[in-house]
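> structure here, sequence nowhere to be found:
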């Protein structure tokens, strides 16, 4: 099981940070992401909403499984290339001195038939750096 856990404090109000990170268009701020957004049948952020991310050699279809603005939202990868067994991801937002503390946690594995542990050794640093890039982009845009 791969666990990615990141924390960052962003000097902006909780509502603005939450809204920025809940908008799937901003997931495309990651270096390897090419396009991200709500699926055409999804009106916007809510439990059950679907978002998709297309990246260099990757595709994710994610379902929003919890949505408690501006405190937290959770998602589950329900389809992906390469295949994932996703235990879900959650972003928690708490007011902090001078801004918002973001806590992002996700857990997953890759099935053995697509490379299992070997693929996990490749995807963990790529996804971790992508998530960090998203948090950094949020900070750059909201703190300026």
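Alright, I've got the coordinates. Please read these numbers as outputs of a predicted model, since none were measured by experiment.
> residue most distant from the centroid, this protein?
residue 113 (25.1 Å; CA atoms, centre = their mean).
> please state the offset of whichever helix in the chain runs longest from the chain centre?
Ranked by residue count under DSSP state H, the longest helix found in the chain is helix 116-143. From the chain centre to the centre of helix 116-143 is a distance of 9 Å (CA atoms, centre = their mean, to the nearest Å).
> name the residues of it that are buried.
The neighbour-count check on helix 116-143 (16 or more other CB atoms under 10 Å) flags 119-120, 123, 126-127, 130-131, 134-135, 137-139, 142 as buried. From N, CA and C alone the C-beta is placed, and that goes for glycine too.
> next one: stretch 77-92
For stretch 77-92, by 16+ other CB under 10 Å, it's 77, 80, 84, 86, 88, 89, 91, 92.
> so in terms of bridging, what pairs with the fifth one?
Which is residue 88. Under DSSP bridges, the beta-bridge partners of residue 88 are residue 107.
> which residues in the protein form helices?
14-22, 116-143.
> now those in JSON lines, with distance to residue 73?
Below are the helices of the chain laid out as JSON lines (distance: least, CB to CB, whole Å):
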{"stretch": "helix 14-22", "distance to residue 73": "6"}
{"stretch": "helix 116-143", "distance to residue 73": "14"}
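> Throw the ones you listed into TSV and include mean pLDDT, thanks.
Below are the helices of the chain laid out as TSV (pLDDT from 0 to 100):
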stretch	mean pLDDT
helix 14-22	98
helix 116-143	96
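> among those helices, which is nearest residue 72?
helix 14-22 (8.5 Å; CB to CB).
> what's the longest helix of the chain packed up against?
Judged by 3 or more CB pairs under 8 Å, 6 or more residues apart in numbering; DSSP states H and E, helix 116-143 is in contact with strand 2-10, helix 14-22, strand 99-109.
> change it to 6 Å
If you count contacts as 3 or more CB pairs under 6 Å, 6 or more residues apart in numbering; DSSP states H and E, helix 116-143 packs onto strand 2-10, helix 14-22.
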